[in-house]
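Enquirer: Test case, fold it:
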Amino acid sequence: MNHLLSNIPYEKEVERFVGFRPRVNQDDFIIQEHPHVPNFFTLAGIESPGIASAPAIAKDVTTTMILPALANRR
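Expert: You can find the predicted model right below:
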């Protein structure tokens with residue numbers, strides 16, 4: 001994972017934001033790649049226990065979605 005972040009110029013950051021937490025009309029998280037936009041991943045509906053779940057969700061999305069998508073680009 002570190003090799004993915006090694007070229008980010010953190011010293012040029014003004015502020016860092018986590019993002020929006022959109023609400024959904026269902027009882028479960030939505031974690032999927034957009035069907036019409038390759039490499040655009042949707043993570044929505046993550047309310048309570050979102051804070052506790054965030055590290056596991058990030059690890060799962062990285063290993064099952066992002067890394068395979070990057071491998072296919074090579």
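Enquirer: so where's the chain uncertain?
Expert: Scanning the chain for pLDDT under 70 picks out 1-2, 4-5, 8, 13-23, 74.
Enquirer: how about the strands in it?
Expert: Here the chain has its strands, by DSSP state E, at 30-33, 41-44.
Enquirer: Only the buried residues of the last one, if you could.
Expert: Going back to what we said before, that points to strand 41-44. Neighbour-count burial for strand 41-44, counted by 16 or more other CB atoms under 10 Å, picks out Leu43. Quick note: C-beta positions are derived from backbone N, CA and C, even for glycine.
Enquirer: what's that strand packed up against?
Expert: In terms of contacts (3 or more CB pairs under 8 Å, 6 or more residues apart in numbering; DSSP states H and E), strand 41-44 is packed against strand 30-33, helix 50-61.
Enquirer: go again using 6 Å as the cut-off
Expert: Using 3 or more CB pairs under 6 Å, 6 or more residues apart in numbering; DSSP states H and E, the elements in contact with strand 41-44 are strand 30-33.
Enquirer: Just give the strands next to the strand it packs on in its sheet, each with its orientation.
Expert: strand 41-44 (antiparallel) (DSSP bridges).
Enquirer: Output the partner strand as PDB, nothing but the C-alphas.
Expert: The C-alpha coordinates for strand 41-44 follow below in PDB (Å, rounded to 0.1, in the frame of the first residue of the first chain):
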ATOM      1  CA  PHE A  41     -16.000   3.100  -6.400                       C
ATOM      2  CA  THR A  42     -19.100   3.900  -4.300                       C
ATOM      3  CA  LEU A  43     -19.000   3.500  -0.600                       C
ATOM      4  CA  ALA A  44     -22.300   4.800   0.800                       C
END
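Enquirer: what's in contact with that strand?
Expert: Outside strand 41-44, the residues within contact range by CB atoms under 6 Å, 6 or more residues apart in numbering are Pro22, Val24, Ile30, Ile31, Gln32, Glu33, Met65.
Enquirer: And the fourth one, how far from Gly45?
Expert: Noted for Ile31: a distance of 9 Å to Gly45, by CB to CB, to the nearest Å.
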